Every structure is written in C-alpha cells, then in structure tokens.
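**Q** I'd like to go over a predicted model; first the sequence, then the structure.
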Amino acid sequence: MSRTLPTTVSAAITADATRPVYLIEFGFDTTQRAATWDADITWNGQTWSASGVQVTRLTSKDCSVKLPTGADDGWLALVMSDGVRGRTINIYEHHYDSASSPQTDAVQVFSGIMDDAQIGSEISLRVLESSRAKTFPPTSMDEPTFTHLLTPGTTIKWGTDTIKVN
C-alpha cells in the first residue's frame, strides 16, 4: 500500500539523522494527548503534552504503551478511574524540519483500542489494531464469526449456576 507523505515528513525521514516522536491520543472520558518528547508539541491545532509516555514494539497489529507512575503523573489515577479496555488510541509519527513549511507535521501510523493494563513501577498498556479487536453485544453472536454455538434453550449447569442459552 503506497501513500503520499507530507513534505515535512518526507524531508525529515530522508535526513542523515532523525528521531521519530510519537503523538498519542488516548480516548479516555476526557481525551488525553501525549508526546514521546521532552517538551510539549503543538500540531494539528492541539497541544501534545510532554509526558514520559513510551511506545514500544509498534507493528501493524499491536503495540505496547508505557505510562509513568511518578508523583507528578496523573496516569495511574486516570487508568484506575476510567479503565482502559475498549478505549480508542491513535498514534501519529511526528517530524520536524526547519527547511520545510509547515515545519512540523505528523502521519497516523496506528489506530486501535487499549486492551488491558499491567500496573507496577510503570503502567504497561497492551494495544490492539482496531480490526483485530473482536467485540459484540453481550446478548448476541453471529455465526460467521462464532461457529460453535449452542442451540437456543440449552441449559448449562456450572457449579451452583444455571445458564440458559437465548
């Protein structure tokens, strides 16, 4: 698949030395925007905050995002209050080129959903590419995706629970 890159990005990635900066948009109750850089970045009419966030193992299928848990970081409270499962995430690769106009630009390199969080000395988010995330309403399933379905009315006994298939 080919695509046209903005002049700023094309010039920056052909330079002798380049370091991609990722701009991450988190779909929490209040959208959060973070940059993997040591200073805030303004792009696309938004401010992407310097945050200590890291993007690792970025592929077309998934990636990991690490969030700091320091005293000045609000990520832990945000993850605990809003949760992460099923929330959207968009990642853009940002470049700067002083010889181009505009001098900064970015290209979306990933669109997906957050899957789960491991909390320790940092918060590790597992992120899945959107088309790989299978979700369905809790009371319905479709045969093209789920091929081993029980007949409606079937009763299942599991420990002290009884479940009836609709």
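**A** Done, it's in.
**Q** quick one, strands of this protein?
**A** 21-26, 32-35, 41-43, 46-50, 54-56, 62-68, 88-96, 104-119, 122-129, 155-158, 161-164 (DSSP state E).
**Q** off-centre distance for the fifth one?
**A** Which is strand 54-56. Relative to its parent chain, strand 54-56 has a centroid offset of 11 Å by CA atoms, centre = their mean, to the nearest Å.
**Q** helices or strands up against it?
**A** If contacts are counted by 3 or more CB pairs under 8 Å, 6 or more residues apart in numbering; DSSP states H and E, strand 54-56 sits against strand 62-68. (Each C-beta comes from the backbone N, C-alpha and C, glycine too.)
**Q** ditto for the fourth one
**A** With contacts defined as 3+ CB pairs under 8 Å, 6+ apart, the packing partners of strand 46-50 are strand 32-35, strand 41-43.
**Q** direction included, what does it pair against?
**A** Paired neighbours of strand 46-50 in the sheet (DSSP bridges): strand 32-35 (parallel), strand 41-43 (antiparallel).
**Q** mean pLDDT lowest where, among those?
**A** Within these, confidence is poorest for strand 41-43, with a mean of 88 (mean pLDDT).
**Q** list the buried residues in that strand.
**A** 41, 43 (16 or more other CB atoms under 10 Å).
**Q** what's the answer for stretch 60-68, then?
**A** Result for stretch 60-68 [16+ other CB under 10 Å]: buried residues 62-63, 65-68.
**Q** adding distance to residue 129 and pLDDT, write the residues you listed out as CSV.
**A** As requested, the buried residues of stretch 60-68 are arranged in CSV below (distance: CB to CB, whole Å; pLDDT from 0 to 100):
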residue, distance to residue 129, pLDDT
62, 6, 91
63, 9, 93
65, 13, 96
66, 18, 96
67, 20, 95
68, 25, 93
